[in-house]
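**Student:** Pasting the sequence and the predicted model now:
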Amino acid sequence: MKLKNFYEKTNGDYNEVVRRLVNEKLVMKYLKKFPDGNYFQQLKSSVAEQDYETAFRFAHTLKGLCLTLGFENMSKPVIELTEKLRAGMTENAQEYIVEIEPVYNDTIKWIGELSE
């Protein structure tokens, strides 16, 4: 899959991401590293363990990555979860995990399909 097709699938702005990260080569470099971070898995585990301080850190990190890499389809629920956790509102955290997980899995799958 080409990079532009990837951004169509993620509802991201290809031109904005390439502008922000300087060129396509750097975008590809960071996209390929994204799955290795396991930020979502750590977030999911922290919420399951009700360790909301750690969950906030992983949600905040994931939020930054989503915004930087232009994952528009994932950024909205991640931003909402981050802000809920920041405010100490933890009662619906698991619902956000359920909402984010399929989008995260699709994003990881599509990153694996990228060709340079």
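**Tutor:** Yep, it's here. Residues are numbered from 1 along each chain as shown.

**Student:** what's the offset of the helix or strand harbouring residue 105 from the middle of its chain?
**Tutor:** Secondary structure assignment for residue 105, by DSSP states H and E: helix 93-112. Distance of helix 93-112 from the chain centroid (CA atoms, centre = their mean, to the nearest Å) equals 8 Å.

**Student:** for stretch 77-89, same thing?
**Tutor:** With CA atoms, centre = their mean as the basis, stretch 77-89 stands 14 Å off its chain's centre.

**Student:** on that earlier part again, which other residues reach the helix holding residue 105?
**Tutor:** Applying CB atoms under 8 Å, 6 or more residues apart in numbering, the contact partners of helix 93-112 are 1, 6, 9-10, 31-32, 34-35, 40, 43-44, 47-48, 52, 55, 71, 73-74, 77-78, 80-81, 84-85. C-beta coordinates here come from the backbone N, C-alpha and C atoms, glycine included.

**Student:** Let's see which of the residues you listed end up in helices.
**Tutor:** 6, 9, 31-32, 40, 43-44, 47-48, 52, 55, 73-74, 77-78, 80-81, 84-85 (DSSP state H).

**Student:** No further queries at this time; thank you.
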